[in-house]
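> got a predicted model here, sequence first, then my questions.
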Amino acid sequence: MELETTSLDECAALGSAPAMPKKVFVKTYGCQMNVYDSQRMTDALVADGYVATEAIDNADLVLLNTCHIREKAAEKVYSELGRLRDLKSERAEAGRDLTIGVTGCVAQAEGGEILRRSPSVDLVIGPQTYHRLPDVLAKVRKGEKVVETDYAIEDKFEHLPQPRRAEVIKRGVTAFLTVQEGCDKFCTFCVVPYTRGSEVSRPVKQIVAEAERLAEAGVREVTLLGQNVNAWHGEGPDGSEWGLGRLLFRLAEIPGLARLRYTTSHPRDMDDDLIAAHRDLAVLMPYLHLPVQSGSDRILKAMNRRHKAADYLRLIERVRGARADIAMSGDFIVGFPGETEGDFEATMQIVREVGYASAFSFKYSPRPGTPGAEMDGHVPDEVKDERLQRLQSLLVEQQQGFTQSMVGRTMSTLIEKPGRQAGQKVGRSPWLQPVIVDEKVAEIGDIVDVRITKTGYNSLFAEPA
């Protein structure tokens, strides 16, 4: 039976050894922001006396940090909760407790419904309030079931403990840093405005301080995150409002920080300062994820994207004019309500015109509560399947062509981690491709010039330049 945690002084007075610290396991679903959120939740719990574990069977607390973008993502959570219910029953028979929590976007969207469908869950907490996690767990220990999905009035980032240097080092030489949350765009297919709330930008001082701590701990590359990251407009040190381009110039001054990236962007927020940052900052990597979703103006209007295909293409032209070697990435939704074969062909045409180094493509999945779910003209699944196969075939062809174009080129590579095979290390190219090198080429954290000798399915192989 697990002992309650006591202080060392209490243990000495009782003549007993200190209790083992409780262990927490966090399983992350979905986007990079959820990865960042999971890390910060772990930081808050470590500060509260927990120890992070990579083994769910060893955990006293299991948190599922969830995604609600697509229906299957939500159903995966309920399937996992079924397995955790069985694990909790086994623990109870052995005299051990297991606390189960659901966090993230499914938690925000469904709230108390999660407790109804999965009574073994002890707490449900939304993405705006995970800084309250230690207080919520204190209530759970008293026997309460807690649902915490109100939007926080206070700035959660101000209330979160800073990650310990040892934790940052353990996570590696690349890091995510959330600068913006929420979205005001209200695309008709998207649940983000309902699960993450309206757009909120962190102030410059807070972002720079976190980036400096990461750099001091050995992080070489930082990716700025936001549901709509290029809409970031934070308060500067002088009280004026900064845009993302100006923030990138400031972050580029941090010693030790050698690479910057950002994701995910909206075409309507790609301003002149941000394009200038791509032109002038060598530390800003030549890779831009800029979703268009559809090439049909009619479907873009139905999606409430508030731009046209021609606007997007002109923007791509401007970005490439500023940085000739930039690689484009995008998102595409196939089978949005009302999509005709002509609309889909317009999407295929925009893919041909842009030429993507990578892309994410999905069948439209109606999400309850979004306008798209209530629209007429839903496309049959078999039509979605067939169109998605055609789109993905074209995207894969472009991605493979881009990858193959790297052979013979010399490029800087950030060495990130040991390879899967003995004698190898894995780095990252400026265009986000994994680069496999001999382990003797460099140490983890080094940035070295290598020459690409051949390609794998999703990776590059290189030798010292």
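Good, I have the coordinates.

> any stretches of this protein with poor pLDDT?
1-19, 152-154, 159, 161 (pLDDT under 70).

> quick one, phi psi at Thr413?
phi -130, psi 130 (degrees, to the nearest 10).

> neighbours of the closest residue in space to it that isn't next to it in sequence, just the number please.
Leaving aside its chain neighbours, Thr413 sits nearest to Gly427 (3.8 Å; criterion: C-beta to C-beta, 6 or more residues apart in numbering). Using the backbone N, CA and C atoms, a C-beta is placed for each residue, glycine as well. Residues near Gly427, counting by other C-beta atoms under 10 Å, number 27.

> gap between Gly427 and Pro434?
Applying C-beta to C-beta, to the nearest Å, the value for Gly427 to Pro434 is 7 Å.

> secondary structure class for the residue nearest to Thr413?
The three-state assignment at Gly427 reads strand, by DSSP: H, G, I helix; E, B strand; the rest coil.

> and if you look at the one 4 residues further on?
At Trp431 the chain is in coil, as set by three-state DSSP.

> now do the same contact list for it.
285-287, 327, 357, 402 (C-beta atoms under 8 Å, 6 or more residues apart in numbering).

> can you rerun that using 10 Å?
Shown in contact with Trp431 (C-beta atoms under 10 Å, 6 or more residues apart in numbering): 285-287, 325-327, 329, 357-358, 402-403, 406, 411, 460.

> try Ile333
Neighbours of Ile333 in contact, by C-beta under 10 Å, 6+ apart: 187, 189-190, 291-294, 299, 303, 339, 347, 360-365, 372, 384, 388.

> the same query, at a cut-off of 6 Å, please.
By C-beta atoms under 6 Å, 6 or more residues apart in numbering, the residues touching Ile333 are 293, 362, 364.

> give the buried residues for the strand or helix carrying it.
Under the criterion of DSSP states H and E, Ile333 resides in strand 327-334. Of the residues in strand 327-334, 327-330, 332-334 count as buried by neighbour count, 16 or more other C-beta atoms under 10 Å.

> and stretch 22-30, by the same measure?
Buried residues in stretch 22-30, counted by 16+ other C-beta under 10 Å: 22-26, 28-30.

> swap in stretch 388-399?
Within stretch 388-399, the residues that qualify as buried are 388, 391-392, 394-395, 398-399, counting by 16+ other C-beta under 10 Å.

> what residues does that stretch touch?
By C-beta under 6 Å, 6+ apart, the surrounding residues in contact with stretch 388-399 are 334, 351, 355-356, 358-359, 361, 363.

> of these, just the buried ones, ChimeraX syntax please.
Selection of buried members from these for ChimeraX, criterion 16+ other C-beta under 10 Å:
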select :334,351,356,358,359,361,363
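
> and of the contacts of stretch 388-399, the nearest to Lys454?
Ser358 (19.1 Å; C-beta to C-beta).

> can you tell me the closest non-neighbouring residue to the closest one?
Counting by C-beta to C-beta, 6+ apart, Ser358 lies nearest to Ser329, which is 4.7 Å off, once chain neighbours are set aside.

> nearest to Glu181 among the buried residues of stretch 22-30?
Each of those was checked against Glu181 using C-beta to C-beta; the closest is Gly30, at 14.0 Å.

> hey, where'd the strands end up in the stretch 201-350 of the chain?
With DSSP state E, counting those that start in this stretch as the criterion, the stretch 201-350 of the chain has strands at 221-225, 233-235, 241-243, 259-263, 287-289, 327-334.

> before we move on, the earlier item: got the contacts of stretch 388-399 as CSV, with secondary structure and distance to Pro127 columns?
What follows is the contacts of stretch 388-399, written out as CSV (DSSP: H, G, I helix; E, B strand; the rest coil; distance: C-beta to C-beta, whole Å):
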residue, secondary structure, distance to Pro127
Val334, strand, 28
Val351, helix, 32
Gly355, coil, 35
Tyr356, coil, 29
Ser358, strand, 26
Ala359, strand, 26
Ser361, strand, 26
Lys363, strand, 25
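
> dump the contacts of stretch 388-399 to JSON lines, plus distance to Leu251.
Listed next are those as JSON lines, based on distance: C-beta to C-beta, whole Å:
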{"residue": "Val334", "distance to Leu251": "36"}
{"residue": "Val351", "distance to Leu251": "32"}
{"residue": "Gly355", "distance to Leu251": "29"}
{"residue": "Tyr356", "distance to Leu251": "27"}
{"residue": "Ser358", "distance to Leu251": "24"}
{"residue": "Ala359", "distance to Leu251": "27"}
{"residue": "Ser361", "distance to Leu251": "31"}
{"residue": "Lys363", "distance to Leu251": "37"}
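
> looking at the contacts of stretch 388-399, which is nearest Ile100?
Lys363 (30.9 Å).

> hmm, the closest one is touching Asp385, no?
No: in this structure Lys363 lies outside contact range of Asp385 using C-beta atoms under 6 Å: 7.1 Å.

> related to what we said a few turns ago, nearest to Gly182 among the buried residues of strand 327-334?
Of all these, Ile333 has the smallest distance to Gly182: 20.6 Å, by C-beta to C-beta.

> leaving out sequence neighbours, find the closest residue to Val229.
Per C-beta to C-beta, 6+ apart, closest to Val229 is Tyr262, 5.0 Å.
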